[in-house]
Structures are given as C-alpha cells and as structure tokens.
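Chemist: Pasting the sequence and the predicted coordinates here, then a few questions.
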Amino acid sequence: MTEMRAFFTAKYAQCQLAISFLTRLPVANIAQPLPQLHQCFWAFSAVGMVIGGLVYGIFACLIIAGVPAMMSSFAAIGSGVLLTGALHEDGFADMLDGFGGGQDAHAKLAIMKDSHIGSYAVIGLIIVIGIKASSLGAVGVTLPLAISVMVIAGASRFFMISVLTVMPPARPDGLGHHYAAGASARTLTTVLPSLLVVLAVSFFAPAYVLLIIGTMAVITALTGWLAYRQIGGQTGDICGAVQLISETSGLAMLAVLAS
C-alpha cells in the first residue's frame, strides 16, 4: 500500500511539472524532491491534448455565439499562445533567425541564443500563425473534430520529445543537452507512454487522423534532418519549432480532409 501511494504521488508530481513546463496554468506545490523533466515526458501528450481541447473549446464557443470563423480561430489560437507562454513560437522564431542568418553552425547557434527577433522570425511567425488560424477556421464544430484537434495537439508534443530523445544535442549545454542526457538511456520507455496516449484517444477520432499523425511524423523527420544539417543536432528551440510545425501541418491536413 505504501509503495502504491508513493507511485501515484510520484506520477502526480510528474504531471504537475509537465503542466508547469508546457503551460502557464497554476499548479499546487510540487512534492519534493522535484522529478526530472524527462520523467514527465509520459504526460506531455496528455497536457498537449488539454491545451488543444481548450483552444478548440474557445473556438467553438465563439462560433456558436455568432462570431465569424476567422475571427474565432485567431482568438482561439491567440488564447493558446497565452496559455503556453509562446513557448513553441519562441523556439520556432529562434530557429528561423539562426538558420536564415548564420554562415556556419557556430554562428547559427549564437543567433538562436540571442533574445532579439529578426526578420526571418517575424515573417515565419506571421505565415505559420496565419496557416494555423485559417486551418482551424475551416474546421467545423463537432465532437469528432474536437477530438481530432486534441489528438493533433497531443501528437505534436510527442514528436517534440521524440526529437529531444533521438537526436544528439547541438550544444554542450542548454535545455536540449540537459534533457537529452537524462532521457537517452531510456528512450523507448520515455516516449512510448506519450505515444500510447495519443493512439488511444485517436480511436475516438475519424480514421483519417492516423494519416495526419503519419504526415506529422514525416514533417518532424524532415525538420530534424534540416536541424542536423544546419547545426548538428537539436536544441530546446528546435524542439519547440518541431511542435509548432507539426501541429500546424496537422491542422492544415485536418482542414482539407474534414471539408
């Protein structure tokens, strides 16, 4: 009984830390000692689905209230950015500036570490958020589509941690190196529960959602390949970019397939 209580206490603390890392939602005091972040990866997809559900819920409520679809989608996407503290958008912006402005891997990494935002980042964010919002705006208000949006949001967090655990870190320090070092020895057990959560919920979504997840996996692989060619591996910014790119592509496919 004591061991079971300790197990659930640890899992609860890991879930709290995952929520604290991925969102700006308040959480109660996390039990000490704090879990390592890689121990919380199993919960990332579930937290991502909650985020996706909240964003879709805001979109659906505005549509039902009579707000035009495009306005509703931009408001919902904006709410999602506030909910996550622009965590993934920041990584995507840094990646674009680094890849677009640096002459070699060292210069690219230096630019990515700079807190200033450049023209590549601004243009890229406008395009991606525009695609994301227009895709959500083209999706109807039904329960299967709500589940689909949640699955896509959860899958994007799974692909984010997959890049973190599979690819080598590009820097000898930073988030990418720290969390990859903790997770590399247990890659399968680290990311598999997150994938199982996504697949389990996808059974309640339309069958084409599995095709969307497969396409997201291909896009993630291409993004990872580009990062390896550009800087030799992954960083925290790359992982954030993978989440945003994969989720945006998933929503775009959903808009096409659900129409």
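Modeler: Sure thing, it's come through.
Chemist: What are the boundaries of the helices in the stretch 1-150 of the chain?
Modeler: Using DSSP state H, counting those that start in this stretch, the helices of the stretch 1-150 of the chain run over 2-22, 44-64, 69-84, 87-101, 105-113, 119-137, 143-166.
Chemist: Would you mark the buried spots in the longest one?
Modeler: Right, the one you point to is helix 143-166. 145-166 (16 or more other C-beta atoms under 10 Å). C-beta coordinates here come from the backbone N, C-alpha and C atoms, glycine included.
Chemist: quick one: stretch 159-169 to chain centroid distance?
Modeler: Computed by C-alpha atoms, centre = their mean, to the nearest Å, the chain-centroid distance of stretch 159-169 equals 12 Å.
Chemist: Put the alpha carbons of that stretch into PDB.
Modeler: The C-alpha trace of stretch 159-169 is given here as PDB (Å, rounded to 0.1, in the frame of the first residue of the first chain):
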ATOM      1  CA  PHE A 159       7.100  14.500 -31.700                       C
ATOM      2  CA  MET A 160       8.800  17.300 -29.700                       C
ATOM      3  CA  ILE A 161      10.100  14.900 -27.100                       C
ATOM      4  CA  SER A 162      11.000  12.300 -29.700                       C
ATOM      5  CA  VAL A 163      13.400  14.800 -31.300                       C
ATOM      6  CA  LEU A 164      14.800  15.600 -27.900                       C
ATOM      7  CA  THR A 165      15.500  12.000 -27.100                       C
ATOM      8  CA  VAL A 166      16.600  10.600 -30.500                       C
ATOM      9  CA  MET A 167      18.700  13.400 -31.900                       C
ATOM     10  CA  PRO A 168      22.100  14.400 -30.400                       C
ATOM     11  CA  PRO A 169      22.300  17.800 -28.700                       C
END
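Chemist: quick one: average pLDDT of it?
Modeler: Averaging pLDDT along stretch 159-169 yields 90.
Chemist: now swap in stretch 31-49 and tell me
Modeler: 87.
Chemist: Can you give me the buried ones in it?
Modeler: Here stretch 31-49 shows 35, 37-49 as buried, counting by 16+ other C-beta under 10 Å.
Chemist: Other residues contacting it?
Modeler: 9-10, 12-15, 17-19, 21-23, 150-151, 153-158, 160-161, 165, 179, 182-183, 186, 190-191, 193-195, 197-198, 201 (C-beta atoms under 8 Å, 6 or more residues apart in numbering).
Chemist: what would the helices of the stretch 1-150 of the chain look like in a markdown table with distance to residue 214?
Modeler: Compiled in a markdown table, the helices of the stretch 1-150 of the chain are given as follows (distance: least, C-beta to C-beta, whole Å):
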| stretch | distance to residue 214 |
| --- | --- |
| helix 2-22 | 24 |
| helix 44-64 | 16 |
| helix 69-84 | 24 |
| helix 87-101 | 21 |
| helix 105-113 | 29 |
| helix 119-137 | 18 |
| helix 143-166 | 10 |
